[in-house]
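Undergrad: requesting a structural model of the entry that follows:
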Amino acid sequence: MIATVPSATLLGVRGRPVTVEVHVSSGLPGFTIVGLPDASCREARDRVRAALLSSGLPWPLKRVTVNLAPSGLRKAGSQLDLAMAVALLVAEGRLHPEHVAHTAFVGELGLDGTIRPVTGTVPLVHALDTDAVVVPAASVAEAELIARHQVRAAGDLRGLVAALTGSAPWPDGFPPESSPASVPDPDLSDVRGQPLARLALELAAAGGHHLLMVGPPGAGKTMLARRLPGLLPDLGPDHALEATMVHSAAGVPLAGGLVRRPPFRAPHHGASTVSLTGGGSSVMRPGEISLAHRGVLFLDELGEFQASVVDALRQPLEEGVIRVSRASGTVAFPAEVLLVAAMNPCPCGLGGAPGACRCSDAARARYHRRVSGPILDRFDLRIDVAAPDVDDLLGGAPGEPSSTVRERVIEVRGRAAHRGAPCNAALRPDQLDDVAPLSAGASRLLEDSLRAGTLTGRGLHRIRRLALTLADREGHPGELTAEHVALALALRSTPVAFEPGAAA
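TA: This is a model prediction of the structure:
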């Protein structure tokens, strides 16, 4: 007899529907799995057998063939265990096909018959097109985030069979984990002084512009960066689901339900390329840049990252997606992030103070080579952050709070939304002539910069987008003025530490 049961497998951060087909026939006893299973998936043979016997259910002494369709899609992980066991019970006649009609099954089996949660429940359930889905009791809260299926809980295989046949009620899922007490985002009013850095931070949030801050230790670069998420608006329903699926696929706990606030990720400067971009051997997991999708990726101590690690961000920053290719296939991870980086002017950190730097010219050159020209060109905002003034630190008045700045950010993003983009940095080059026309003076400034070689073709479009954000912030309609372009050029100038002879 043949039985089919729907399930799903995880490929990157997306679920892919899988049909588990089980054929039981006479012949030498055996259990064969076909359909490109990986090692963890092939081991389901032993887990299913032990789980059935531990649950008091018979194991057929026949030839059992399991096909995981489509056969051209590689399957990895243990999330197909439960579907295999249920399909085997249907094929053996222990369950009637009507008991499992229009129902999908996702879960891992323990040797004692318990049904355990698996990584990526949200994208797995999202891929299923059935009326109902059975998941481990601990995963009910995650599965219900999709809000498209009737979600049923299963604690063990014996109880699942009883519930399917109607001899026992469906068990309740585990109560959702209580989310930790909400910790408010750090407020921008904590920053004293630093008017230029505060402006750059607001522009980065409002226009989605990447930001590089260069300054001595203790100047407040990290403090500023950690206050950037508090300036961003909440994620919309679609974007929240995208971010939630990425976190679920990476195994990040979802105690608070959907990811409503923009994520903030700050990997250590010793991170490898794979940890930042994502990947793996048999199971490819999202990296830090994907975990920061729709949020902020903060690279503190940028000069301490390996150059190859930082350069791996070039293509994702342009396209908003990162494609990881392995022998088993290619996976596309989402990577629409707002990149914020901070670094010292030199290895000793004192390059900004005249005569204080203890680094040799060679050491400074090696340090700055960690940040290649193409990466530097992708930062719309590049500012020097000086040490704060003593009077500001000891007696300065608090600056604007995050709530006030966020209102302006939301207003600027609303203007971008009317243009068909989530933020000005996402505007296509062919849209700029219509939404960001240049005045005669602004055109001359850009032409002079292009002829002098201080501005690239990519930089030209970025300057126009940044100038548009400045105009939107002021509520300035019409064409961009020379003042807007001049300020945008100044905010995108090469930091002093990168200038030749800066160590003198």
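
Undergrad: going forward, measure contacts and count neighbours with C-alpha atoms only.
TA: OK.

Undergrad: show me what contacts the nearest residue to G270 once chain neighbours are set aside?
TA: Distance criterion Cα to Cα, 6 or more residues apart in numbering; nearest residue to G270, sequence neighbours excluded, is F305 at 6.3 Å. The contact partners of F305, taken as Cα atoms under 8 Å, 6 or more residues apart in numbering, are H269, G270, A271, R370.

Undergrad: A342: which of the residues you listed is nearest?
TA: H269 (11.2 Å; Cα to Cα).

Undergrad: in what helix or strand does the closest one lie?
TA: Under DSSP states H and E, no helix or strand contains H269.

Undergrad: ok, residues contacting stretch 466-477?
TA: Taking Cα under 8 Å, 6+ apart as the rule, stretch 466-477 contacts 203, 206-207, 209, 380, 408-409, 412, 415, 424-425, 436, 480, 484-485, 487-488.

Undergrad: ok, now stretch 56-65?
TA: Outside stretch 56-65, the residues that reach it (Cα under 8 Å, 6+ apart) are 22-34, 49, 52-53, 92, 158.

Undergrad: what's around L232, how many residues?
TA: 25 (other Cα atoms under 10 Å).

Undergrad: ok, it - contacts?
TA: By Cα under 8 Å, 6+ apart, the contact list for L232 reads A205, A206, P262, R406, V409, I410.

Undergrad: then A137?
TA: I115, P117, A153, A154, G155, D172, G173, F174.

Undergrad: swap in 6 Å and give it another go.
TA: A153, A154, G155, G173, F174 (Cα atoms under 6 Å, 6 or more residues apart in numbering).

Undergrad: do the same with A332
TA: I322, R323.

Undergrad: helix, strand or coil for it?
TA: Following DSSP: H, G, I helix; E, B strand; the rest coil, we place A332 in the strand state.

Undergrad: the stretch 101-250 of the chain: strands as residue ranges?
TA: 103-105, 108-109, 115-116, 132-136, 150-154, 211-214 (DSSP state E, counting those that start in this stretch).

Undergrad: helices - which of the contacts of stretch 56-65 land there?
TA: R49, L52, L53, R158 (DSSP state H).

Undergrad: next, count neighbours for the last one.
TA: R158 is flanked by 17 other residues according to other Cα under 10 Å.

Undergrad: would you check that it makes contact with L52?
TA: No. Using Cα atoms under 6 Å, R158 makes no contact with L52, being 8.3 Å away.

Undergrad: and H96, how many neighbours?
TA: Using other Cα under 10 Å: H96 sits among 15 other residues.

Undergrad: before we move on, the earlier item: in PyMOL, how would I select the buried members of the contacts of stretch 466-477?
TA: This is the PyMOL syntax for the buried subset of the contacts of stretch 466-477, where burial follows 16 or more other Cα atoms under 10 Å:
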select buried, resi 203+206+207+209+380+408+409+412+415+424+425+436+480+484+485+488
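
Undergrad: residue contacts, I410?
TA: Per Cα under 6 Å, 6+ apart, neighbours of I410: none.

Undergrad: pretty sure it sits in a strand.
TA: No. Assigned with three-state DSSP, I410 falls outside any strand and is helix.

Undergrad: picking up where we left off before, kindly reformat the strands of the stretch 101-250 of the chain as CSV containing mean pLDDT and distance to D190.
TA: Formatted as CSV, the strands of the stretch 101-250 of the chain follow (pLDDT from 0 to 100; distance: least, Cα to Cα, whole Å):
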stretch, mean pLDDT, distance to D190
strand 103-105, 96, 50
strand 108-109, 96, 48
strand 115-116, 96, 45
strand 132-136, 96, 45
strand 150-154, 93, 45
strand 211-214, 95, 18
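
Undergrad: reformat these as TSV; add distance to A335 and mean neighbour count.
TA: Formatted as TSV, the strands of the stretch 101-250 of the chain follow (distance: least, Cα to Cα, whole Å; neighbours: other Cα atoms under 10 Å):
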stretch	distance to A335	mean neighbour count
strand 103-105	30	25
strand 108-109	30	26
strand 115-116	30	24
strand 132-136	29	25
strand 150-154	30	22
strand 211-214	17	27
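
Undergrad: I'd like those strands laid out as a markdown table, including distance to A341.
TA: Formatted as a markdown table, the strands of the stretch 101-250 of the chain follow (distance: least, Cα to Cα, whole Å):
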| stretch | distance to A341 |
| --- | --- |
| strand 103-105 | 44 |
| strand 108-109 | 41 |
| strand 115-116 | 40 |
| strand 132-136 | 41 |
| strand 150-154 | 43 |
| strand 211-214 | 5 |
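
Undergrad: quick one: which of these is nearest V18?
TA: strand 103-105 (9.8 Å).

Undergrad: what sits up against the closest one?
TA: Residues contacting strand 103-105 (Cα under 6 Å, 6+ apart): P6, S7, A83, T130, A132, V133, V134.

Undergrad: just give the closest residue to the fourth one, not the sequence neighbours.
TA: Put plainly, it is T130. Closest to T130 by Cα to Cα, 6+ apart is H102, at 5.3 Å.

Undergrad: now do that neighbour against G295, distance only.
TA: 37 Å (Cα to Cα, to the nearest Å).

Undergrad: and those two? which has more neighbours close in?
TA: G295 (26 against 14).

Undergrad: so how far is T121 from that one?
TA: 22 Å.

Undergrad: do M343 as well
TA: Distance from M343 to T121, by Cα to Cα: 38 Å.

Undergrad: which ones are touching L109?
TA: Taking Cα under 6 Å, 6+ apart, one finds D81, I115 in contact with L109.
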